[in-house]
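*Asks:* The sequence and its predicted three-dimensional model are supplied below.
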Amino acid sequence: MIVNHSAGAAALSLAALLFTGPALAATQVVTSLKPIELLVRAVASGEVEVTTLVQPGASPHNYTMKPSQRRALENADAIFWVGPELETFLTRLLGSSEFSERTYSLMHGENVPEIDADDGHHGHAEHRHGQENETGHDGHDHGDGEDPHIWLDPALALNMARDIHKVLSQQDGAQRAILDANLERFEQELSAAESDITTRLKPVADIDLFTYHDAFTRFAEHYDLTLEGILTLNPELSPGARHIAEVQQKLQQANQPCLLTEPQFNRQWWRSITEGLDITFSTWDPLATDIEPDRDGYVAFQQSLADAVLKCLPQNAQ
């Protein structure tokens, strides 16, 4: 008997299409910063693809986008950023009609609406992510609002993850059960990490910490660290002579001073400020440059910040 193999193959292909249905395209997500990408990956399911704008070694304060990144924004189903007080290079673009309906600010404040759980669009502002900076320490101010480095505080980062979960849950083809399970797992693992970091950082309580700029404030406040001074009022500018003199005086009077620097900014000028002083140095990275971008990345990021602070202890100093 002669068998028609072509007809049989065609029938099998048709049956496969009928049973599986059309494959849904992956949800395209764009994040402004890598720490936000880490939060997306913590809660996202496998159908989400993430593009991050600010590249390793760059700063969100003065970043210039590439044409390919503009195309990623055009193709995005959801765009996550902190907000106009931080990523100023995105403010005009994301405020345009082309992007505003799929752009989500993760920093809620007086003039920044919350993400609405019902329709995914921006609703009325009802609460603030955290409190105003009441430390009284020197620091630059991103406008007149609150400190925008919210991803450094794990409690605020959890709020960010919940907002991301809401948005991803509303996308076409969203796998709600997976998203819910991932968010629950992230909450549990982050809570365990917070407890561990709190214990690890207890020996640092009596050390006076200094930082390049005020991005570190959120982390320091959450873990009750002593932040005595900030070197520059604006990370884009070198500080004035008066401010330098004030910082040098604080460094001279500090108890076991440790200066936490950042890889995104020029190191040379602050070396002249600290010349001749008995200071420990450590480098911390608020943009998580070397952290693996996977579902465990944000917890690893928090641990890396704790590791940087622990290098301020005399026995750990390099």
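*Replies:* Noted; the coordinates are in hand. Since the structure is predicted, the reported quantities are computational estimates derived from the model, not experimental observations. Residues are numbered from 1 along each chain as shown.

*Asks:* so residue 286 makes contact with residue 153?
*Replies:* No - using CB atoms under 8 Å, residue 286 is not in contact with residue 153, being 11.5 Å away. Yep, even glycine has a C-beta here, placed from its N, CA and C like the rest.

*Asks:* Between these two, point out the one with more neighbours.
*Replies:* The neighbour comparison of residue 286 against residue 153 (other CB atoms under 10 Å) goes to residue 286, with 26 against 22.

*Asks:* For the more buried one, which non-adjacent residue is closest in space?
*Replies:* residue 215 (4.7 Å; CB to CB, 6 or more residues apart in numbering).

*Asks:* which residues sit in contact with that neighbour?
*Replies:* Listed by CB atoms under 8 Å, 6 or more residues apart in numbering, the contact set of residue 215 reads 149, 152, 235, 262, 286.

*Asks:* Just give me the longest helix of this structure.
*Replies:* helix 176-200 (DSSP state H).

*Asks:* which strands and helices sit next to it?
*Replies:* Other helices and strands packing on helix 176-200, by 3 or more CB pairs under 8 Å, 6 or more residues apart in numbering; DSSP states H and E, are helix 34-43, helix 154-169, helix 297-310.

*Asks:* I'd like to know which elements the second one is packed against.
*Replies:* Right, helix 154-169. helix 34-43, strand 78-81, strand 103-105, helix 176-200, helix 217-222, helix 297-310.

*Asks:* which one of these is the most hemmed in?
*Replies:* Most buried of the helices and strands packed on helix 154-169, by mean neighbour count (mean count of other CB atoms under 10 Å): helix 34-43, with a mean of 26.

*Asks:* Pretty sure residue 36 sits against residue 81.
*Replies:* Yes - counting by CB under 8 Å, residue 36 touches residue 81, with 7.2 Å between them.

*Asks:* what sits in contact with each of these two?
*Replies:* Common neighbours of residue 36 and residue 81, counting by CB under 8 Å, 6+ apart, are residue 106.

*Asks:* Who are the contact partners of the residue nearest the centre of the chain?
*Replies:* Centroid-nearest residue in the chain, with CA atoms, centre = their mean: residue 35, separated by 3.0 Å. By CB under 8 Å, 6+ apart, the residues touching residue 35 are 151, 152, 157, 286, 287, 288, 298, 301.

*Asks:* follow-up on the earlier one: which one of the helices and strands packed on helix 154-169 lies closest to residue 60?
*Replies:* Distance to residue 60, taken as CB to CB, is lowest for strand 78-81 among the helices and strands packed on helix 154-169, at 9.0 Å.

*Asks:* got the contact list for the next helix or strand after the closest one?
*Replies:* Downstream of strand 78-81, the first helix or strand assigned by DSSP states H and E is helix 91-94. If you take CB under 8 Å, 6+ apart as the criterion, helix 91-94 is touched by 73, 79, 81, 84, 99, 100, 103.

*Asks:* what stretches of this structure score poorly on pLDDT?
*Replies:* Scanning the chain for pLDDT under 70 picks out the ranges 1-24, 108-145, 233, 235-238, 266-269, 317-318.

*Asks:* quick one, domains of it?
*Replies:* For the chain, automatic domain parsing gives the domain ranges 27-193, 203-316.

*Asks:* Grab the nearest non-local neighbour of residue 232.
*Replies:* residue 239 (4.6 Å).

*Asks:* Correct me if wrong, but that neighbour is in a strand.
*Replies:* No - secondary structure of residue 239 (DSSP: H, G, I helix; E, B strand; the rest coil): coil, not part of a strand.

*Asks:* Break down the stretch 1-150 of the chain into its strands, ranges please.
*Replies:* 27-31, 48-52, 78-81, 103-105 (DSSP state E, counting those that start in this stretch).

*Asks:* can I get these in CSV with distance to residue 171?
*Replies:* Shown next, in CSV, are the strands of the stretch 1-150 of the chain (distance: least, CB to CB, whole Å):
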stretch, distance to residue 171
strand 27-31, 5
strand 48-52, 8
strand 78-81, 7
strand 103-105, 12
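
*Asks:* Which among those strands is found nearest to residue 294?
*Replies:* Comparing those under CB to CB, the one sitting nearest is strand 48-52, at 10.9 Å.

*Asks:* Adjacent strands (with direction) for the closest one?
*Replies:* When pairing is defined by DSSP bridges, strand 48-52 lines up against strand 27-31 (parallel).

*Asks:* contacting residues around the strand it pairs with?
*Replies:* So strand 27-31 is in contact with 37, 40, 44, 47-53, 69, 72-73, 75-81, 168, 171-174, going by CB under 8 Å, 6+ apart.

*Asks:* Please apply the same query to stretch 243-255.
*Replies:* Residues outside stretch 243-255 that contact it (CB under 8 Å, 6+ apart) are 138, 206-208, 210, 228-233, 239, 257, 259, 273-274, 277, 279.

*Asks:* Please give the element, helix or strand, for residue 228.
*Replies:* For residue 228, the host element (DSSP H and E) is strand 227-230.

*Asks:* Only C-alpha atoms, please: export the helix or strand that comes right after that strand in CSV.
*Replies:* Once strand 227-230 ends, the next helix or strand along the chain (criterion: DSSP H and E) is helix 241-253. The C-alpha coordinates for helix 241-253 follow below in CSV (Å, rounded to 0.1, in the frame of the first residue of the first chain):
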residue,chain,number,x,y,z
ALA,A,241,35.3,75.3,48.7
ARG,A,242,33.0,76.1,51.7
HIS,A,243,31.3,72.7,51.5
ILE,A,244,34.7,70.9,51.1
ALA,A,245,36.0,72.7,54.3
GLU,A,246,32.9,71.6,56.2
VAL,A,247,33.3,68.0,55.1
GLN,A,248,37.0,67.9,56.0
GLN,A,249,36.2,69.2,59.5
LYS,A,250,33.6,66.5,60.0
LEU,A,251,36.1,63.9,58.7
GLN,A,252,38.8,65.1,61.2
GLN,A,253,36.3,64.9,64.1
